[in-house]
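[1] Take a look and give me a structure for this.
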Amino acid sequence: MANSMMEKKAQWITTARWIYWTVTLLFVSTMMVAGLTYLAGAPFNVEGITHLGYPIYLLKILGTAKLLGGIAILQGQFRTLKEWAYAGYTFNLLGASASHALYGDPFVKTLTPIIILAFVLISYRQWKTGWM
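    Sure, this is the predicted structure:
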């Protein structure tokens, strides 16, 4: 019986790790690609940020933060840095959603950051279980 419980726990830990890495890589790659396009000053990003009334230079700040946040989440050495990166992504995505909602953009533009935030929160929860 004890052997069966240990096997079930080992299987769950393996499954939890798969969930963590799958969800984490999905949202981190999304955020890091967004960071690169922000830094490159892609026309659709410039149009999107000016549409909301923000200055263009904000793309450089957010792009740098998104890239550094992705690196911080993928590394395993500095737990506090990783915690702050999760918090930064959370603030960024909540702010993006609020900006679109308060500007009066279509619901889908408000919902997209919330969907990405769900991945961030699932990843964070899986990481905090301590099995990673």
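[2] Helices along the protein, start to end?
    For the chain, applying DSSP state H gives helices covering 2-40, 43-51, 58-74, 79-103, 107-128.
[3] Can I get those helices in CSV including mean neighbour count and mean pLDDT?
    Bear in mind the C-beta positions are built from the backbone N, C-alpha and C, glycine included. Shown next, in CSV, are those (neighbours: other C-beta atoms under 10 Å; pLDDT from 0 to 100):
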stretch, mean neighbour count, mean pLDDT
helix 2-40, 14, 92
helix 43-51, 13, 97
helix 58-74, 18, 98
helix 79-103, 16, 98
helix 107-128, 16, 96
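[4] what pLDDT does residue 1 get?
    At residue 1, the pLDDT value in this model is 63.
[5] Contact partners for residue 128?
    Applying C-beta atoms under 8 Å, 6 or more residues apart in numbering to residue 128 gives no contacts.
[6] how close does it get to residue 68?
    According to C-beta to C-beta, to the nearest Å, residue 128 and residue 68 sit 21 Å apart.
[7] again with residue 116
    17 Å.
[8] same deal with residue 77?
    From residue 77 to residue 68 the distance is 15 Å (C-beta to C-beta).
[9] same thing with residue 54?
    According to C-beta to C-beta, residue 54 stands 20 Å off from residue 68.
[10] again, but for residue 91
    Distance from residue 91 to residue 68, by C-beta to C-beta: 14 Å.
[11] tell me how far stretch 23-31 is from the chain's mean position?
    Stretch 23-31 has its C-alpha centroid displaced from the chain centroid by 6 Å (C-alpha atoms, centre = their mean, to the nearest Å).
[12] do stretch 40-58 as well
    Chain-centre distance of stretch 40-58: 20 Å, with C-alpha atoms, centre = their mean.
[13] swap in stretch 78-93?
    9 Å.
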